[in-house]
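Asks: the sequence and its predicted three-dimensional model are supplied below.
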Amino acid sequence: MRRTALALTALATTLLGPAAVASAAETAPGWEPAPSPPFDLAAGVRCDFPVHGEPLVDEVVRRIVERHPDGSPKRVAYKGDLVVRVTHTGTGDFYDADVSGTALVDHRTDGSQFWSVLGPVLVGVGEGGGNMPRSLYVVDGLYTMDISATGHKTVTMVHGTRTDICEQID
């Protein structure tokens, strides 16, 4: 646990700078809930079969670190426990995905995003929509994810793993 805390502090310091990390610790009340809605995906969208996703635990909070000149969020930090049950709606088989990672998300003015992530996050990729095959994944480790304005996802792993949820519940 201590190594995780040190790694998070080092990552935050690298990404945000030491003053922002100290400031974030002092202004903890600046965090606000960032609930994850349930979702339904038709067969072929991510898996070969229809799936339903429902948060079982959702304690994710976000903090807007920086804003664009128009006031919209530019850089947002996310943290907190999140477990999503992904169910194959045809069979009832399910996978409880612990996706309690920490992310710093840069929102670009063209609608694209750049994620710097430590820990597990749920990543859905459509057909031809990324550098991974179509599926739902738990991507875990230290990595970045560049999401274009059209939704194309490029995941670049520094160190980590990915679990194909569709394979787990097929």
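Replies: Done, it's in.
Asks: so for the residue nearest the centre of the chain, what's the pLDDT?
Replies: The centroid of the chain falls nearest to Val121 when counting by CA atoms, centre = their mean (4.0 Å). Predicted confidence (pLDDT) at Val121: the value is 98.
Asks: residues in contact with it?
Replies: Val99, Gly101, Ala103, Trp115, Val138, Val139, Asp140, Met145 (CB atoms under 8 Å, 6 or more residues apart in numbering). Any C-beta I mention is one placed from the backbone N, CA and C, and that applies to glycine too.
Asks: leaving out sequence neighbours, find the closest residue to Cys47.
Replies: Leaving out its chain neighbours, the residue that sits closest to Cys47 by CB to CB, 6 or more residues apart in numbering is Cys166, at 3.7 Å.
Asks: is the one you found in a helix, a strand, or coil?
Replies: Of the three states, Cys166 takes helix according to DSSP: H, G, I helix; E, B strand; the rest coil.
Asks: so what's it up against?
Replies: With contacts defined as CB under 8 Å, 6+ apart, Cys166 is in contact with Arg46, Cys47, Asp48, Phe49, Val51, Ser135, Leu136.
Asks: how many residues are close by Pro37?
Replies: With neighbours defined by other CB atoms under 10 Å, the count for Pro37 comes to 8.
Asks: what's the spacing between it and Trp31?
Replies: Per CB to CB, to the nearest Å, Pro37 is found 19 Å from Trp31.
Asks: same check, this time on Gly130
Replies: Distance from Gly130 to Trp31, counting by CB to CB: 30 Å.
Asks: give me the number of residues near Gly124?
Replies: By other CB under 10 Å, the residues close to Gly124 number 21.
Asks: so it is in contact with Gly53, correct?
Replies: No - using CB atoms under 8 Å, Gly124 and Gly53 do not qualify as a contacting pair, with a distance of 9.1 Å.
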